[in-house]
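# predicted model and sequence follow; I will ask about them next.
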Amino acid sequence: MKAEIILWLALGLGGVLSGGSEIASAAETNAPAKLKIERPWEDCTVKLVVPGSTGFLAPTKSKCEGIQARCALYGYRFPVAAIFDPHTRKNYIISHGFGPGDRSFYISDRAGMMECQFFGGELVCRRSYIEMPESEGSMDDLIARFAGEFDEEKLAAQEEKNMFWIELNRAAPLDFFTAHSEGGSQPGTPSIRAIDFTDGILRLDMVSEGGKFTGSFWMDFKAKKVIRSVVDGQKMDLDPEKPWPVLRKTSQ
């Protein structure tokens, strides 16, 4: 730490003594930090959710696929994945969350790709940073374009713009989202057992941390909210005027 301070002071003093170079140094200091890769690109596996549709002429069923991708870490806060979707024939670079694989997944449709990851009682969703049709270039081409077009400031702004949350906390008994389902102050994260995404409605079947509860939650991605939930066979009352915790109805 002392060595770093001495170096900083030396650089600062050198700038003052150099006259005109002080202005250049200040400009460089204020410039957005270039993307620096901290963990090189490596192979990884991600869970891709293929949307379904109830269309009258050609209904399709949603499905989950494990696909090979590449992942890396830029700076100290931007883990990303490079994913090729064989259904849209596009390459994407998108946020890549850490943690167990049963808590995160990707959804890809005509609007693009988004990463979804569960934290406590919230589903956090992020749209891709950049995409490229297969006909315009390879995954390596997209990675090179990403590194050339983005600095840390632009990446942070894009992440904030592309992110939204859906709260599930009030759609289940309080214990559901606490550590080991014990009802304490420490948050817990359930495991996702099944996923369905049809006509813009996401359904997650989950088991609470500790295995005390099982539940299914339906989320409207356009409205960005839970529209229905069933926990241990009981339909939850989603009336926003009711106090915490959400009360159970006597029948489904």
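Great, that's in hand.
# which other helices and strands does the helix or strand encompassing D196 contact?
D196 belongs to strand 191-198 when elements are defined using DSSP states H and E. Judged by 3 or more CB pairs under 8 Å, 6 or more residues apart in numbering; DSSP states H and E, strand 191-198 is in contact with strand 37-50, strand 104-109, strand 201-207. For glycine as for every other residue, the C-beta is placed from the backbone atoms N, C-alpha and C.
# and the angle for it with strand 201-207?
160 degrees (axes from the mean of the first three to the mean of the last three CA atoms, to 10 degrees).
# looking at strand 191-198 now, give me its mean pLDDT.
Averaging pLDDT along strand 191-198 yields 94.
# of the helices and strands packed on strand 191-198, which stretch is the most buried?
Mean neighbours per residue, mean count of other CB atoms under 10 Å, is largest over the helices and strands packed on strand 191-198 for strand 104-109, with a mean of 22.
# who does that one pair up with?
Strand 104-109 sits in its sheet next to strand 37-50 (parallel), strand 112-119 (antiparallel), going by DSSP bridges.
# which pLDDT value goes with E4?
The model's pLDDT for E4 equals 41.
# now swap in the one 4 residues further on and tell me
According to the prediction, W8 has pLDDT 35.
# ok, T214 touching A194?
No. In this structure, T214 is not within contact of A194 by CB atoms under 8 Å, at 10.7 Å.
# ranges for the helices of the stretch 151-252 of the chain?
152-162 (DSSP state H, counting those that start in this stretch).
# show me where it has strands.
Taking DSSP state E, counting those that start in this stretch as the test, the strands found in the stretch 151-252 of the chain are 163-167, 191-198, 201-207, 214-220, 225-231, 234-235.
# about what we covered before: T214 and A194: which has the busier surroundings?
Between T214 and A194, counted using other CB atoms under 10 Å, the more crowded position is T214 (16 against 10).
# identify the bridge partners of that one.
Beta bridges link T214 to V207 when assigned by DSSP bridges.
# enumerate every residue touching it.
The neighbourhood of T214, defined by CB atoms under 8 Å, 6 or more residues apart in numbering, consists of 205-208, 231-232.
# what's G188 sitting at in phi/psi?
Backbone dihedrals for G188, given as degrees, to the nearest 10, come out at phi -120, psi 160.
# what packs against the host helix or strand of Q68?
Q68 is located in strand 63-74, with elements delineated by DSSP H and E. The criterion is 3+ CB pairs under 8 Å, 6+ apart, and the helices and strands that strand 63-74 contacts are strand 37-50, strand 78-85.
# which among those strands is found nearest to A172?
A172 lies closest to strand 37-50 among these, at 21.7 Å (CB to CB).
# strand 63-74 and the closest one, what's the angle between them?
Between strand 37-50 and strand 63-74, the angle comes out at 170 degrees (the same axes, to 10 degrees).
# any idea how far E152 is from the closest residue to P133 other than its chain neighbours?
Leaving aside its chain neighbours, P133 sits nearest to K90 (5.3 Å; criterion: CB to CB, 6 or more residues apart in numbering). To E152, K90 is 25 Å away according to CB to CB, to the nearest Å.
# just give the nearest non-adjacent residue to F78, would you?
Nearest-residue entry for F78: L155, 5.8 Å, with adjacent residues in sequence omitted and distances by CB to CB, 6+ apart.
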